[in-house]
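Q: I need the structure of the sequence given here:
(one chain, ligands or ions: 1)
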Amino acid sequence: MCLVIRSPQELQTWRRSQGPQSIGFVPTMGALHEGHQSLLQISRQQNDLSILSIFVNPTQFNDKRDLEKYPVTWESDLKMAEKNNVDVLFAPTFEMMYPDQYQYKISESDLSKELCGHDRPGHFDGVLTVVMRLFQLVQPDRAYFGEKDFQQLALIQGMAKAFFLNCEIIPVPTVREADGLAMSSRNSRLSVTEREKAPRIYNILKNSRSSSEAQQQLEEQGWSVDYVHDRLIGSSKRRFVAVRVGEVRLIDNVEL
Ligand code: PAF
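A: Numbers count the residues shown, from 1 in each chain. I've put the predicted structure just below:
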């Protein structure tokens, strides 16, 4: 049975009572899919105990409408947590996570301003701040992040290093639908025709000879392209994309 904890204080009490057992942590915003499931499975294999958090973090949404439309699927999320032997599901409220009303934040000054950070001002401040707060409460030995959000993963790795966090950040490969579309909670907001066309994002990324060729091919689909850039992050050279399929902003990346 998965224990559902709502308050930070209760989570800290639970954490202190666990002694030397290793803790794996999967932070999410819910609307769980097979991509999240792969994070939970690896956490289960590598640790004595697994904690999942579900918190739709308002500080990382620069667009209020995007926050309002973020899918919430509590019942099926709980089933997935139980199926994957999650020990604790932490689901706090905004007031619990931000008793300071977000007066204190973590801010990175370089990579967080590019790619998604360029189009979504303040997004990564919100991500880093909530992840740091969650880490303080959970005190995980390992935390798991998908490579679909590669920029987020790199920034969290950088933060863990910069602040000497005692937590290993484990990257997990992107999980794709059979047709190649990267799994994302936002996919559920696509219309039937948008969903049929969306796998072209991955095909174009994979098969284009340059970022400008990819951009042109994406635009030919009738989509508005926020960016396509080739970037070296750490030791990995990748092609990154953010594209608006109707009202839904999707991101993906491939190793070059
Ligand atoms: O990737 C996500 O779901 C979120 O950005 C995260 C890491 C849970 C922080 O809110």
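Q: which residues touch the residue nearest the centre of the chain?
A: What sits nearest the mean C-alpha location of the chain, by CA atoms, centre = their mean, is D149, with 5.8 Å. Contact analysis of D149 by CB atoms under 8 Å, 6 or more residues apart in numbering lists I251. All C-beta spots, glycine's among them, are computed from the backbone N, C-alpha and C.
Q: got it, and G35?
A: G146, K148, T174, V175, A182, M183, S184.
Q: Intersect the residues you listed with the contacts of the ligand.
A: Restricting the contacts of G35 to those near the ligand by CB under 6 Å from any ligand atom leaves nothing, as none qualifies.
Q: which among these gets closest to the ligand?
A: Using CB to the nearest ligand atom, the shortest approach to the ligand within these belongs to G146, at 7.3 Å.
Q: The closest residue to G234 other than its chain neighbours sits in which helix or strand?
A: Leaving out its chain neighbours, the residue that sits closest to G234 by CB to CB, 6 or more residues apart in numbering is A154, at 6.1 Å. With elements delineated by DSSP states H and E, A154 resides in helix 150-162, which encompasses its position.
Q: Could you give the separation of the helix or strand just after that helix from the chain centroid?
A: For helix 150-162, the succeeding helix or strand toward the C-terminus, using DSSP H and E, is strand 168-172. Mean C-alpha position of strand 168-172 versus that of the full chain (CA atoms, centre = their mean, to the nearest Å) differs by 12 Å.
Q: before we move on, what about stretch 109-125?
A: With CA atoms, centre = their mean as the basis, the mean position of stretch 109-125 lies at 15 Å from the chain mean.
Q: For D125, grab the count of nearby residues.
A: As a burial measure, D125 scores 18 neighbours (other CB atoms under 10 Å).
Q: Not counting its neighbours along the chain, what's nearest G246?
A: In space, and not counting its chain neighbours, G246 is closest to E194: 5.0 Å by CB to CB, 6+ apart.
Q: that older thread, could I get the contacts of G35 as TSV with neighbour count?
A: Conversion of the contacts of G35 to TSV gives the following (neighbours: other CB atoms under 10 Å):
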residue	neighbour count
G146	22
K148	20
T174	18
V175	18
A182	24
M183	18
S184	24
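Q: I'd guessed R238 sits against R231; true?
A: Yes. Assessed by CB atoms under 8 Å, R238 is found in contact with R231 at 6.3 Å.
Q: hang on, the earlier thing: what does the average pLDDT come to for the helix holding A154?
A: When pLDDT is averaged over helix 150-162, the result is 98.
Q: ditto for stretch 13-20
A: Over the span of stretch 13-20, the pLDDT mean works out to 94.
Q: hmm, who's touching the helix holding A154?
A: 106, 108, 111-112, 114-117, 124, 127-128, 131-132, 143, 145-147, 165, 167, 169, 171, 233-234, 236, 238, 240, 253.
Q: What's the PyMOL line that selects buried ones from those residues?
A: What follows is the PyMOL syntax selecting those of the contacts of helix 150-162 that are buried according to 16 or more other CB atoms under 10 Å:
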select buried, resi 106+108+111+112+114+115+116+117+124+127+128+131+132+143+145+146+147+165+167+169+233+238+240+253
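Q: Keep only those of the contacts of helix 150-162 that are in helices.
A: Members of these lying in helices (criterion: DSSP state H): L115, C116, G117, F124, V127, L128, V131, M132.
Q: I'd like the distance between the first one and D252.
A: With the distance defined as CB to CB, to the nearest Å, L115 ends up 12 Å from D252.
Q: can you put the contacts of G35 in TSV and add secondary structure?
A: Formatted as TSV, those follow (DSSP: H, G, I helix; E, B strand; the rest coil):
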residue	secondary structure
G146	strand
K148	helix
T174	coil
V175	coil
A182	strand
M183	coil
S184	coil
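Q: Understood, closing this out.
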